[in-house]
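Visitor: Here is the input, now give the coordinates:
(one chain, ligands or ions: 2)
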Amino acid sequence: MIVVMKASSNNENVQQVLTFLGKHGLTGHPSEGVERTVIGVLGGVGPSGTPGGIGGINPSIGESIEGMPGVESVLRVSKPYKLASREFHPEDTIVNIPVPYVSSGSVGVGGSEVVMMAGPCTVESEQQLMTTAEAVRKEGAVILRGGAFKPSTSPYGFRGLGEEGLKLLAKARSEFGMAIITEVMTPTDVAMVSEYADILQIGTRNMQNYILLDEVGRTQKPVVLKRGMSATIEEWLLAAEYILAHGNRNVILCERGIRTFEKITRNTMDISAIPLIKTLSHLPIISDPSQGTGRRDLVGPMSLASLAAGTDGLLIEVHPNPDEALKDGAQSLTIEQFRELMPQAEAIASAIGRKFVKA
Ligand code: PEP
Ligand code: MN
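Guide: Ligands and ions are numbered 1, 2, ... in the order given. Below you'll find the model as predicted:
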């Protein structure tokens, strides 16, 4: 339920509504807009049917609130996802990531600036990671990607260095001051991966692993939630809702392509998801044109298209020698290609009034 306050309402009116909600075992979350305040109401049934969630609020409570001073209207959230919806939270959410080497000490994903995240698909060795980190940082990346726990379609494929890979990522962070994003695949690994990572990545194959979503929801770590390869937008936002419903509001969505009948590309990048998500949700959205296309030659154009469509960030695979990469070499940019892409990306960002976060 959402309480829309009148533009002329004052703080006292908001407090009265909050007190009334409290008396009925509900919690109000005011969000102050430019014109008016909107109060999102939580109560009823929560994740796994527990109390404290958002479902099943008695309609008579809404009717009583409608008569209170300063209240314009009371709306039911029409979408099946609530906390993730734009109705519930009209203002954009900005997820802050600590980045030691930028002057302010952190970057916001979902604000006016665009964030570049780049690095190898998979951490392979210290030398591979450090070379890539240094190079992408030099070109303007502030967040370093690299998988230590890798989902592999084939059981014979490389599945990552595990904790050893996380240690290398931590070493790269202390050397270069970049934040680290890396995938977590199981609920039991969440605590351990969180010790090393600044952002937890939930991969496409795990978007509907609800036990994993519950677990990352119990942390306060920023989470990048990849779109499931066959997930609808609604299923994706409901997956985000799992994380939000546990109290972790630091969710960043990531469009990474979906399965279609097309075989020439690995996935079909749904660029329209970017502006669409902006209308349906307040959550930031980034774009991964590497998994999205599976082809190095398409990563640049799809990065630019994502920027033009309003992405809040890019997640790009870069490898010092893609032909020898243990994973995803075909879709990894060379360092040189990444260097060439950055000024083009900056030009598109500035054409729509945005710029990349800089150190
Ligand atoms: C990746 O980022 O390397 C990856 C495995 O992503 P996805 O889960 O989107 O396939
Ligand atoms: Mn990859």
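
Visitor: what's the average pLDDT for the biggest helix by length in the chain?
Guide: Identified as the longest helix of the chain according to DSSP state H is helix 335-351. For helix 335-351, mean pLDDT is 98.

Visitor: what helices or strands is it leaning on?
Guide: strand 113-119, helix 126-139, helix 296-308, strand 313-317, strand 355-356 (3 or more C-beta pairs under 8 Å, 6 or more residues apart in numbering; DSSP states H and E). All C-beta atoms are positioned from the backbone trio N, CA, C, and that covers glycine.

Visitor: How is the spatially most central residue of the chain assigned, secondary-structure-wise?
Guide: Closest to where the C-alpha atoms of the chain average out (C-alpha atoms, centre = their mean) is Ile252, at 1.2 Å. Using DSSP: H, G, I helix; E, B strand; the rest coil, the structure places Ile252 in strand.

Visitor: does it really touch Ile97, like I thought?
Guide: No: with contact defined as C-beta atoms under 8 Å, Ile252 does not reach Ile97; the gap is 9.1 Å.

Visitor: what touches both of these two?
Guide: Any residue near both Ile252 and Ile97 by C-beta atoms under 8 Å, 6 or more residues apart in numbering counts here, and that gives Val109, Ile199, Pro222.

Visitor: So what sits opposite the first one in the bridge?
Guide: Bridge pairing for Val109 (DSSP bridges) gives the partners Val95.

Visitor: quick one, what contacts it?
Guide: Val109 neighbours (C-beta under 8 Å, 6+ apart): Ile94, Val95, Asn96, Ile97, Val115, Pro222, Ile252, Pro284, Ile286, Asp312, Gly313.

Visitor: Likewise for the second one?
Guide: If you count contacts by C-beta under 8 Å, 6+ apart, Ile199 has them with Ile97, Ile143, Ala179, Ile180, Ile181, Thr182, Lys221, Pro222, Val223, Val224, Ile252.

Visitor: would you turn the shared contacts of Ile252 and Ile97 into a markdown table with pLDDT and distance to Phe338?
Guide: Output for these, formatted as a markdown table (pLDDT from 0 to 100; distance: C-beta to C-beta, whole Å):
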| residue | pLDDT | distance to Phe338 |
| --- | --- | --- |
| Val109 | 98 | 20 |
| Ile199 | 98 | 20 |
| Pro222 | 98 | 23 |
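
Visitor: residues from the chain in reach of ligand 2?
Guide: Cys121, Asp328 (C-beta under 5 Å from the ion).

Visitor: What residues does the chain have near ligand 1?
Guide: Cys121, Gly147, Pro151, Gly203, Thr204, Lys226, Arg256, Asp288, Gln291 (C-beta under 6 Å from any ligand atom).

Visitor: now those: which count as buried?
Guide: Cys121, Gly147, Gly203, Thr204, Lys226, Arg256, Asp288, Gln291 (16 or more other C-beta atoms under 10 Å).

Visitor: Look up the residues forming beta bridges with the second one.
Guide: Applying DSSP bridges to Gly147 yields these beta-bridge partners: Thr122.

Visitor: And it, how close does it get to Gly140?
Guide: 22 Å (C-beta to C-beta, to the nearest Å).

Visitor: repeat for the fourth one
Guide: In this view, Thr204 and Gly140 are 26 Å apart by C-beta to C-beta.

Visitor: can you pull the contacts of Asp297?
Guide: Applying C-beta under 8 Å, 6+ apart to Asp297 gives no contacts.

Visitor: For stretch 60-72, what does the pLDDT average out to?
Guide: 94.

Visitor: And Ala273, how close does it get to ligand 1?
Guide: 13 Å (C-beta to the nearest ligand atom, to the nearest Å).
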